[in-house]
Structures are given as C-alpha cells and as structure tokens.
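Trainee: I need the structure of the sequence given here:
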Amino acid sequence: MMGKRSLSLLFGFISQPSIAVDLGTANTRIYTSLHGEVTERPSSISLTTDKTNTISDEYIQYINNKLAAKPLRGGVIVDLKNAVALLKPLVKKSRRFLSAPLSLASAPTDTTENERNLLCTALMNAGASQVAIIPEVWAAAIGAGMDITRPNAQLLIDIGDGVTDMAIFRDGRIINSSSVRIACSDLQRAVRSAVMTKYKVQIYDTDTEKLTNLISSLSRNQECGSETFNVSGIDIVKRCKIDRCIHKTDVIKAMEPVIDKIIVKIEFSLKKLPQKTYSEIEDSGICLTGGGACIEGMDKLIAARTGIRVQIAPDPIHAVINGAIQTLTNWNGNKYWWENIVWPKLSS
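Mentor: Numbers count the residues shown, from 1 in each chain. Alright, predicted model coming up:
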C-alpha cells in the first residue's frame with residue numbers, strides 16, 4: 001500500500017504539481033508543468049569522452065562509441081550514482097528560481113519497498129524536493145484512456161523494455177497484478193546474440209528493432225522457409241562495416257524462448273483468476289501498452305495464445321508518462337481516488 005507519508009506528500013502538492021517522471025529501462029521521460037512539455041532521452045550515461053574517428057578498427061570504434069552506463073535493469077534502479085547523473089539535468093530544467101520541483105514518479109508493481117525508496121532517493125538527489133510514487137500500470141491505464149472506475153474487470157498489460165507488467169482494474173482499484181522482468185530488451189538481446197553467433201556480425205540497433213517485428217510470423221504460424229533479410233552492422237572478424245543476408249528462421253528461433261516466457265506468465269496469471277473475473281476480462285478484452293505493443297504481431301500473438309481480444313492503446317509508448325501527466329492535472333483534491341492507489345500483492 002502506498003504509505004501514509006507518500007499520500008500526505010501527494011495531498012500536499014497535487015494542487016501545484018511540478019514534474020511527472022517515467023524512469024524507464026530504455027528511455028526516461030519527464031514532464032514539467034513549468035514549460036508544459038515532455039523531455040525524453042535514453043536511460044544511459046555515455047562513458048566515451050572522445051568520439052572522434054581516430055580508431056582504425058571499425059568494430060572497436062563502434063563498441064567504444066556505444067560504451068554507456070545503464071542505471072536501470074528490469075524496470076528498477078541498479079546504479080544510484082548514474083541514475084542521479086541521468087536525472088539531474090532533466091530535473092534542473094523544471095526548477096523555478098530556487099524552488100526545487102515536486103515529483104510524481106511510477107514504478108512496476110513487483111518493486112519492493114527498497115527499490116521504490118531507491119527511486120525516491122535518486123529523484124531527491126537529482127534535485128526534487130518531495131517524491132510520491134504510484135504503480136506504473138496505474139499511470140499506463142490512465143494514459144491509455146481506460147475507465148478504471150468501471151465495475152467490471154479490465155486487464156492492462158504493459159510490455160516495457162525491462163519488465164512485463166499486468167494489472168486488473170475494477171471499481172477504481174487494482175484487484176490483481178503479476179509481472180515478469182523479461183521484455184523488449186531481452187528480445188533484442190536474443191536477436192543480437194543469435195546473429196553475432198552465426199553470422200559474426202554486430203548488427204545496428206535499428207536493424208535489431210526491425211527484426212523483432214518478425215514476431216508477427218509466430219502469430220500467423222507462418223512457415224519461414226528460406227526467407228532472408230538484409231541487415232547492416234560490423235563484421236567482428238573482418239572488423240569493418242558490412243551488409244549481411246540472414247535467415248528468418250534464425251531470428252524466430254532466437255525470439256521464441258523469450259516470447260514464450262512472457263506469454264506463459266500471462267496465461268498462468270489468467271488461469272489463476274476467479275471465474276467471474278476471467279469472464280469479465282473475456283468481455284472487456286486486454287489493453288496493451290509499452291514498447292512491446294509497437295512490435296508488429298505482438299497483439300495478435302497474445303490474442304491467439306489467450307483466446308482474448310487484444311487492443312493496442314493509443315500512443316502505447318507514452319501511455320505511462322501521459323497517464324502521469326493526467327494524474328497531476330485532472331484529479332485535484334479527489335481524496336477518495338488517491339486512497340485507491342495501492343501497491344498490490346503480486347500473484348505468485
């Protein structure tokens with residue numbers, strides 16, 4: 001449950017919100033009411049001070065330019081120092097004279113109290129004066145346009161970069177939640193690893209993202225045959241840039257185990273639900289948010305495996321930050337609504 005201290009902080013500044021924060025594994029987004037805009041940047045700190053092309057080995061040059069500290073893993077902070085370094089310049093933009101900003105942040109439902117405290121500490125050290133934290137799926141549901149006050153159960157699945165989080169809403173409350181710290185970054189890592197192992201090519205990030213869209217073949221049970229794709233990257237043997245033709249089957253085989261873990265978690269969580277709740281979800285369907293919702297075929301694959309209709313939210317990547325913004329601006333002084341925000345007990 002959200003602590004009394006966190007609630008009292010929230011009551012204290014809800015009438016004059018300052019910033020809403022979506023600190024994600026891949027990207028960080030901060031909204032400031034001072035400017036009325038969202039600032040977005042990768043959740044990483046470059047460790048390369050000199051990016052001049054003085055290195056003759058193109059592979060080493062590529063790796064050198066990509067060296068970066070990533071302070072989040074699985075949706076939570078694992079490196080406080082670099083998390084503060086990431087947040088500080090973003091928080092600084094929201095300051096008004098000497099007044100430190102007030103912050104509303106969100107976190108996955110499976111986070112421990114210690115992990116949420118670490119998020120609070122990072123924001124405070126970055127320059128926030130006070131911090132309140134709500135479940136990320138709550139913000140995603142608001143940002144997706146769900147009416148979570150409805151008396152019938154509704155299911156939202158948020159597939160981010162580091163965690164897949166699902167929650168069931170009824171009567172303005174989260175009545176059930178489940179999560180697994182496997183998501184988009186694991187899919188991309190599996191693809192990169194498979195291509196490097198077989199083809200000895202470190203493919204570029206843009207091509208990695210394109211290849212993850214081959215999930216659509218899984219949802220249609222397509223035969224891959226000898227279909228191939230051209231990708232660009234660095235040949236780790238010849239140490240130079242190269243275009244390489246790779247087989248679709250290799251990519252599909254790499255992604256299947258990751259996808260299966262995500263889908264099995266969803267199926268298992270659904271099977272544990274009371275029949276009444278399950279039936280209501282069958283009627284209302286599943287709302288899909290996060291970067292995973294943008295992977296072509298992900299919605300159809302989940303629908304095929306669960307037998308439940310899946311709808312992708314409008315602007316799914318920004319559902320969390322959009323919901324956090326609405327939370328700050330649309331719910332002034334509604335004490336009952338804030339009391340409904342709790343940290344649910346996770347399904348085992």
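
Trainee: Next up, the contacts around residue 30.
Mentor: Residues counted as contacts of residue 30 (Cβ atoms under 8 Å, 6 or more residues apart in numbering) are 19, 20, 21, 22, 38, 39, 87, 90, 91, 93, 94. Just so you know, the C-beta spots here come from the backbone N, C-alpha and C atoms, and that holds for glycine as well.

Trainee: An error on my part: the question was meant for residue 33.
Mentor: Counting by Cβ under 8 Å, 6+ apart, residue 33 has contacts 17, 18, 19, 94, 328, 329.

Trainee: Pull out the buried members of these.
Mentor: 17, 18, 19, 94, 328 (16 or more other Cβ atoms under 10 Å).

Trainee: Among these, which lie within helices?
Mentor: Judged by DSSP state H, helices contain the following of these: residue 328.

Trainee: re the thing from before, got CSV for the contacts of residue 30, with pLDDT too?
Mentor: Formatted as CSV, the contacts of residue 30 follow (pLDDT from 0 to 100):
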residue, pLDDT
19, 91
20, 93
21, 95
22, 97
38, 94
39, 94
87, 96
90, 92
91, 91
93, 84
94, 81
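
Trainee: Go through those residues and name the one nearest residue 119.
Mentor: residue 21 (8.6 Å; Cβ to Cβ).

Trainee: tally of neighbours for that closest one?
Mentor: Residue 21 has 29 neighbours, counted by other Cβ atoms under 10 Å.

Trainee: my guess is it contacts residue 101, does it?
Mentor: No. In this structure residue 21 lies outside contact range of residue 101 using Cβ atoms under 8 Å: 9.8 Å.

Trainee: Can you show me the helices along the protein?
Mentor: 4-13, 58-66, 80-92, 113-126, 136-143, 184-199, 205-212, 215-219, 248-271, 275-284, 298-306, 319-330, 335-339.

Trainee: Using PDB, write out the CA atom coordinates for the longest one.
Mentor: It refers to helix 248-271. Below are the C-alpha coordinates for helix 248-271, written out as PDB (Å, rounded to 0.1, in the frame of the first residue of the first chain):
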ATOM      1  CA  LYS A 248      14.400 -15.500 -40.900                       C
ATOM      2  CA  THR A 249      14.400 -18.900 -39.100                       C
ATOM      3  CA  ASP A 250      17.500 -17.900 -37.100                       C
ATOM      4  CA  VAL A 251      15.700 -14.800 -35.800                       C
ATOM      5  CA  ILE A 252      12.500 -16.600 -35.000                       C
ATOM      6  CA  LYS A 253      14.300 -19.400 -33.100                       C
ATOM      7  CA  ALA A 254      16.200 -16.700 -31.100                       C
ATOM      8  CA  MET A 255      13.000 -14.900 -30.000                       C
ATOM      9  CA  GLU A 256      10.700 -17.900 -29.300                       C
ATOM     10  CA  PRO A 257      12.100 -18.700 -25.800                       C
ATOM     11  CA  VAL A 258      11.800 -15.100 -24.700                       C
ATOM     12  CA  ILE A 259       8.300 -14.700 -26.100                       C
ATOM     13  CA  ASP A 260       7.200 -17.900 -24.600                       C
ATOM     14  CA  LYS A 261       8.300 -16.800 -21.100                       C
ATOM     15  CA  ILE A 262       6.200 -13.700 -21.400                       C
ATOM     16  CA  ILE A 263       3.200 -15.400 -22.800                       C
ATOM     17  CA  VAL A 264       3.300 -18.300 -20.300                       C
ATOM     18  CA  LYS A 265       3.400 -15.700 -17.500                       C
ATOM     19  CA  ILE A 266       0.300 -14.100 -18.900                       C
ATOM     20  CA  GLU A 267      -1.500 -17.400 -19.400                       C
ATOM     21  CA  PHE A 268      -0.600 -18.600 -15.900                       C
ATOM     22  CA  SER A 269      -1.900 -15.400 -14.300                       C
ATOM     23  CA  LEU A 270      -5.200 -15.600 -16.200                       C
ATOM     24  CA  LYS A 271      -5.700 -19.200 -15.200                       C
END
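
Trainee: Since that was my last question, I'll sign off now.
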